[in-house]
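Colleague: let's see this in three dimensions:
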Amino acid sequence: QVQLVESGGGLVQAGGSLRLSCAASGRTSSTYVMGWFRQAPGKEREFVAAISWSGGITYYADSAKGRFTISRDKAKNTVYLQMNSLKPEDTAVYYCAADARRVGVSRATWSYDYWGQGTQVTVSS
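Modeller: Okay, here's the model as predicted:
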């Protein structure tokens with residue numbers, strides 16, 4: 001079993017930055033593909049970014065490219081999402097997820113087996 005705990009959310013003004021963290025526990029969680037998703041009120045959960053188990057491959061949604069950076073610290077079993085130049089439309093609950101079955105990074109929610117509880121990000125205009 002893998003447990004994921006997100007932190008780092010909060011309220012920030014447009015143009016500001018936040019860094020989200022996702023601490024994973026579980027014996028083999030450091031070998032999993034990890035992803036970040038978000039869900040705004042009244043909308044479906046959407047893909048933000050994903051990273052391979054080695055950290056060598058990253059994949060971003062168009063909305064995140066150039067502004068967000070996903071990374072992982074395997075020694076700490078933690079995945080990060082650095083978010084810069086935040087916009088009001090980035091407001092959502094952000095979720096960390098782990099794919100325990102595949103090697104390739106994916107943007108599909110159904111690819112991911114474990115999910116965190118989410119952390120709220122609110123960007124004011």
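
Colleague: from now on I want contacts and neighbour counts done on CA atoms only, so please keep to that.
Modeller: Noted.

Colleague: residues touching the residue most central in space within the chain, list them.
Modeller: Nearest to the geometric centre of the chain sits Trp36, at 2.2 Å (C-alpha atoms, centre = their mean). Trp36 makes contact with 47-50, 81, 94-97, according to C-alpha atoms under 8 Å, 6 or more residues apart in numbering.

Colleague: again with Gly55
Modeller: 71-72.

Colleague: pLDDT weak spots in this protein?
Modeller: 27, 29 (pLDDT under 70).

Colleague: hmm, 80 instead?
Modeller: Scanning the chain for pLDDT under 80 picks out the ranges 27-31.

Colleague: number of nearby residues for the nearest residue in space to Thr78 that is not next to it in sequence?
Modeller: Among residues not flanking Thr78 along the chain, Ala23 sits closest, at 4.5 Å (C-alpha to C-alpha, 6 or more residues apart in numbering). Ala23: 19 surrounding residues under other C-alpha atoms under 10 Å.
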